[in-house]
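J.: structure, please.
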Amino acid sequence: SGTTYGREDAPWDQGTLKKFEEHAGKQVSILHWGQPWWRCDGDHCGYNEFFKQRPQMDAVRKRGSIPMIDWASWDAYVWPQTDQKDFSLQSIVDGKHDKYIRRWAKEARRWGHPFFVRFNWEMNGDWFPWSESRNGNNSGDFVAAWRHVHELFGQEDVDNVTWVWCPNVINGTDDAQLERYYPGNDYVDWLCMDGYNWGTNPAKPDKWKSFSNVFGETYARLRKLAPDKPIMIGEVSATEAGGSKADWIGKMLEDELPNDFPAVKALVWFNWNTDGMDWAIESSQSAQEAFAHGIDSSYYSGGEFGEIDTAPIKPPKAASQGE
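T.: Numbers count the residues shown, from 1 in each chain. Model (predicted):
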């Protein structure tokens, strides 16, 4: 987020990305931003077309990074955000958005380069309108909607999109059974999971959790669900409240990820202090230094993907730990 640096958001403001890379000490390999299906720009409201962000896609690729689009079937400016009947899962299945989906797919194919699409993430939560517990949705609707969208891309011969299926971490809850939301191996290229260490931050007090505490159970479930799929961490961060963020980051990068989470092939840090939280690596000098030191390992790639030309995107060959 550009607010961390008093700038506009990346990728629109490349200076934001440059500043983060300076602080992290390594070029970004994946740049992740959102694109709602519907948005209002001044007095005009309408579908959010792919071509409007093509300059940003070009800029990210030129830097050696892979774009990852959070492609969301909603109007991001409606409140409450979970009540959007025009974007119910059944409306997708019924084909009410097919013309838009096909346009977006055709423009994506025309752009021609590989990129990630993280479609309707955290579906196992209850905070988005594509949750099956919200917006008039029913059990089974998520898989049906996902498959419908994926099939439209297939009909348009789109071969440069890598599909990322990304639930929120389950944290011991039984209500978030991942299997019921999984569209199937033919419809998913990468598994994914989002999770945070909220610590005791007053904005959302919980308890201090290690990286393994946050992700371990979900990781094990994903490995059973689709053992041959690579896993991405789509969102992760930690607060300063309740423990040492620097130690948390260091242990994550230097120990836990290489040793305990070998199927995780991509990590996207959530560098945005939203909702009163202190997620950015710059929340303290010690946190920033820990991130830069950990990510410096050759186990983690950096800015090497400007020339990739095949999809689905394959994980890079990992270097040995400690190199």
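
J.: please make it C-alpha for all contacts and neighbour counts, starting now.
T.: Will do.

J.: which residues does Gln35 bridge with?
T.: Taking DSSP bridges as the rule, Gln35 bridges to Trp71.

J.: what sits up against the helix or strand encompassing Trp163?
T.: Assigned by DSSP states H and E, Trp163 belongs to strand 161-165. If you take Cα atoms under 8 Å, 6 or more residues apart in numbering as the criterion, strand 161-165 is touched by 108, 114-119, 121, 182, 187-192, 311-313.

J.: what sits against the residue nearest to Ala24 when sequence neighbours are not counted?
T.: With Cα to Cα, 6 or more residues apart in numbering as the criterion, Ala24 has its nearest non-adjacent residue at 4.6 Å, and that residue is Ala292. The contact partners of Ala292, taken as Cα under 8 Å, 6+ apart, are His23, Ala24, Gly25, Lys26.

J.: quick check: the last one touching Ser298?
T.: Just to be clear, that refers to Lys26. No: if you go by Cα atoms under 8 Å, Lys26 and Ser298 don't touch, sitting 10.5 Å apart.

J.: for this structure, just list every one of the helices.
T.: Using DSSP state H, the helices of the chain run over residues 14-24, 54-62, 89-93, 98-111, 141-155, 211-225, 245-251, 257-260, 285-295.

J.: mind putting those helices into JSON lines with distance to Trp38?
T.: Output for the helices of the chain, formatted as JSON lines (distance: least, Cα to Cα, whole Å):
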{"stretch": "helix 14-24", "distance to Trp38": "25"}
{"stretch": "helix 54-62", "distance to Trp38": "17"}
{"stretch": "helix 89-93", "distance to Trp38": "14"}
{"stretch": "helix 98-111", "distance to Trp38": "10"}
{"stretch": "helix 141-155", "distance to Trp38": "16"}
{"stretch": "helix 211-225", "distance to Trp38": "31"}
{"stretch": "helix 245-251", "distance to Trp38": "36"}
{"stretch": "helix 257-260", "distance to Trp38": "37"}
{"stretch": "helix 285-295", "distance to Trp38": "36"}
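
J.: could those helices go into CSV alongside mean pLDDT?
T.: Formatted as CSV, the helices of the chain follow (pLDDT from 0 to 100):
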stretch, mean pLDDT
helix 14-24, 95
helix 54-62, 96
helix 89-93, 98
helix 98-111, 98
helix 141-155, 98
helix 211-225, 96
helix 245-251, 98
helix 257-260, 98
helix 285-295, 98
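
J.: tell me which of those helices lies nearest to Tyr47.
T.: Tyr47 lies closest to helix 98-111 among the helices of the chain, at 7.0 Å (Cα to Cα).

J.: contacting residues around that closest one?
T.: Outside helix 98-111, the residues that touch it by Cα under 8 Å, 6+ apart are 47, 49-51, 54, 92, 149, 152-153, 156-161.

J.: highest neighbour count among those?
T.: Most neighbours among the contacts of helix 98-111, by other Cα atoms under 10 Å: Val161, with 24 neighbours.

J.: do you know how far it is from Ser212?
T.: Using Cα to Cα, to the nearest Å, we find Val161 at a distance of 30 Å from Ser212.

J.: swap in Asn185?
T.: Asn185 sits 26 Å away from Ser212, going by Cα to Cα.

J.: quick check: pLDDT value at the residue nearest to Trp272 when sequence neighbours are not counted.
T.: Closest residue in space to Trp272, ignoring its immediate chain neighbours: Ser1 at 5.0 Å, by Cα to Cα, 6+ apart. Listed pLDDT for Ser1 reads 86.

J.: likewise for Ala76?
T.: 85.

J.: one more: the one 5 residues further on?
T.: The predicted local confidence for Gln81 comes out at a pLDDT of 92.

J.: I'd say Trp71 and Val117 touch.
T.: Yes: counting by Cα under 8 Å, Trp71 does reach Val117; the two are 6.4 Å apart.

J.: of these two, which one has the most company?
T.: Under the criterion of other Cα under 10 Å, the comparison of Trp71 against Val117 puts Val117 first, with 22 against 18.

J.: who touches the more buried one in this structure?
T.: Met68, Ile69, Asp70, Trp71, Val161, Thr162, Trp163, Val164.
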